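Enquirer: pasting a predicted model and its sequence here:
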Amino acid sequence: MSAPFRTEEFLVNMGPHHPSTHGVCRFLLTMDGEVVVKAVPYIGYLHRALERICENRTYHQCLPVLDRFEYCTSMSCEYAFCLATEKLAGIQAPERAEYLRVIMLELNRIASHLIWYGTTSLDLGAVTPFLYGFREREDILDLFEMTCGQRLTYNYIRIGGVSRDIPPEFIPKLKEFIEKFPRKVDDYEKLLTENPIWIVRNKNVGILSKELALGYGVSGPALRASGVKFDLRRDDPYSLYDRFEFDIPTGTVGDCYDRYLVRMEEMRQSLRIVKQALEQLPAGDIKTKLPPNFKPPKGEVYSRIENSRGEMGIYIQSAGDSKKPLRVKMRGGSYNQLQVMPEIVKGGKIADLVAVMASMDIIMPEVDR
Amino acid sequence: MKKLLSAIKNLVVGLFTTGKHLGRHAVTVQYPTEKWTMPERSRGIVVLLSDKETGELNCTVCMLCMRACPTAAIDIQYDKDEKGKRILKDFVVDHGLCCFCGLCEEACNFAALKMATKYEFSTLNKEDLVWHTDKLQEVGRDVPYEKPERKKPEAKAAAKPAVKAEAPTEPPKDTATAETAVNPGKPSEELKPLTEENKENPGEGN
């Protein structure tokens, strides 16, 4: 009589240098064979004390630091900070500046979703979409570079406006981009949407229910894919978003495939906003003149915007007599999306964990700050 | 069977999309031999600009760039002549600390420094990233720029109250416009704590 077949659980470290963790995140996985029993994320590898650094800088000097908060959508970070400071000091940016901000924010959202599209497909084994996504992102980065001089750390949106007006060659190039981009999104969809391997890897994988998403404070495309129609651009409009017409795509099941579809549709909607903003773009000033020694009055403020990864919020406390903020707190959408992951990967395979992590679009600098 | 057919069909659709690129030529730029032309506004290394006629530096040692720098990458050392006017001794830019934000260029009222479109400055030594006046001036000689019109002293005096009206509470030493350069007073007290504090916080610019 042979001994009964005995199995036991074992621990696996996934990361911190795993290519599909998008930064440096470590998952401590308790495995039962190929099945994940328990997943615990360990964060902090990219902690740079950005909040503390901001507290040692003047308000203007904070902006280059904010660029590094969430580097896929630097414009949003700058804008969130400027919005909070403007609210605190009661500054209103000129209308042209607001339109330029909207154009830049939405282009940045497209660029960010293109990174997501490329890296997600790369994580799941499709190399071609990566090159496609980064090709169009390059066009957007060229637009940014000719406007503000940098490709990643823009430092473009300033308190009370934007740093520079767009150059004359910007608008023709943007029009060309608006012209060709819808065709490119169709191309992306042709590559993946109906692809049998893509469907097997994504459909009904990592289902995030509505209740779970709301319970963990998940926001952004991941929440909308679970069927909650919540978008700060519509529900708590900032800047000029109440002037534009756009749809908010939502999913039904909340699996990886829904998150994919929602993001693809969001790129189209963002382009719609850019188009409308370009048509309405007025002439005029681009910056409110601030005193050289800018000190916002005493008080505190929390402002939030819809980033490509969810709600991005900046909390600022001002002492009133200082050029530096007393306290800065940053909130990024990725943090909540990482926290909910252990719940939804339970019972799946390791390969599904990769798919879930990719589709959640987590970016570690935003989690660790 | 139906599933298989649709799978094959969609694989063909995907292949067709990628196949469109078969006939196109490559767009790769062979970097060391071929180079992009950088956009005019591109922010590369910091250089010092000099007057095109006299060849002298435009810098008036007003210290605005140093104060604007979020990473304390700029260090200016100066002497004073008998009238108390500042004379530039050494202008140091640590490109290892620089985060290329462009705030120094914006702070400058005299077109004294600029972030040029040049970007090749890698070295094997960390110390070589610290550039002093000579090198900064030499590299900046062929950088095109527009010199802002020099205001007459009367115009300056007229401009000052206008700035003050916007922010009545600010102490005069912080209205560091052109006057600071000729102000015989001590260097701004604020200058030093800020720089030291900044240096206590390594790790920015990552």
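Expert: All right, it came through fine.

Enquirer: how far does stretch A:310-324 stretch from one end to the other?
Expert: 28 Å (C-alpha to C-alpha, to the nearest Å).

Enquirer: now swap in stretch A:54-73 and tell me
Expert: 18 Å.

Enquirer: can you check the pLDDT for residue A:173?
Expert: Taken from the predicted model, the pLDDT recorded for residue A:173 is 90.

Enquirer: find the nearest non-adjacent residue to it, please.
Expert: residue A:143 (6.1 Å; C-beta to C-beta, 6 or more residues apart in numbering or on different chains). In this view, the C-beta of every residue, glycine as well, is placed from N, C-alpha and C.

Enquirer: ok, so what distance separates the one you found from residue B:15?
Expert: In this view, residue A:143 and residue B:15 are 31 Å apart by C-beta to C-beta, to the nearest Å.

Enquirer: so who does residue A:258 touch?
Expert: A:225-226, A:251-252 (C-beta atoms under 8 Å, 6 or more residues apart in numbering or on different chains).

Enquirer: measure it to residue A:22 for me?
Expert: Relative to residue A:22, and taking C-beta to C-beta, residue A:258 is found at 20 Å.

Enquirer: still on that earlier bit, buried subset of the contacts of residue A:258?
Expert: A:225-226, A:251 (16 or more other C-beta atoms under 10 Å in any protein chain shown).

Enquirer: got the residues you listed as CSV, with distance to chain B columns?
Expert: Output for the buried ones among the contacts of residue A:258, formatted as CSV (distance: C-beta to the nearest C-beta, whole Å):
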residue, distance to chain B
A:225, 22
A:226, 26
A:251, 21
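
Enquirer: from these, which land in helices?
Expert: If you go by DSSP state H, the buried ones among the contacts of residue A:258 have residue A:225 in helices.

Enquirer: report the longest helix in chain B, please.
Expert: From DSSP H, the single longest helix across chain B is helix B:2-19.

Enquirer: CA atoms of that one as PDB?
Expert: C-alpha atoms of helix B:2-19 as PDB (Å, rounded to 0.1, in the frame of the first residue of the first chain):
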ATOM      1  CA  LYS B   2     -17.100  27.700 -35.700                       C
ATOM      2  CA  LYS B   3     -14.800  29.000 -33.000                       C
ATOM      3  CA  LEU B   4     -11.800  27.700 -34.800                       C
ATOM      4  CA  LEU B   5     -12.800  29.300 -38.100                       C
ATOM      5  CA  SER B   6     -13.400  32.700 -36.400                       C
ATOM      6  CA  ALA B   7     -10.100  32.300 -34.600                       C
ATOM      7  CA  ILE B   8      -8.300  31.800 -37.900                       C
ATOM      8  CA  LYS B   9     -10.100  34.600 -39.500                       C
ATOM      9  CA  ASN B  10      -9.100  37.000 -36.700                       C
ATOM     10  CA  LEU B  11      -5.500  35.900 -36.800                       C
ATOM     11  CA  VAL B  12      -5.500  36.700 -40.500                       C
ATOM     12  CA  VAL B  13      -7.100  40.100 -39.800                       C
ATOM     13  CA  GLY B  14      -4.300  40.800 -37.300                       C
ATOM     14  CA  LEU B  15      -1.700  39.600 -39.700                       C
ATOM     15  CA  PHE B  16      -3.100  41.800 -42.400                       C
ATOM     16  CA  THR B  17      -2.800  44.900 -40.200                       C
ATOM     17  CA  THR B  18       0.800  44.200 -39.500                       C
ATOM     18  CA  GLY B  19       1.300  43.200 -43.100                       C
END
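
Enquirer: much appreciated, bye for now.
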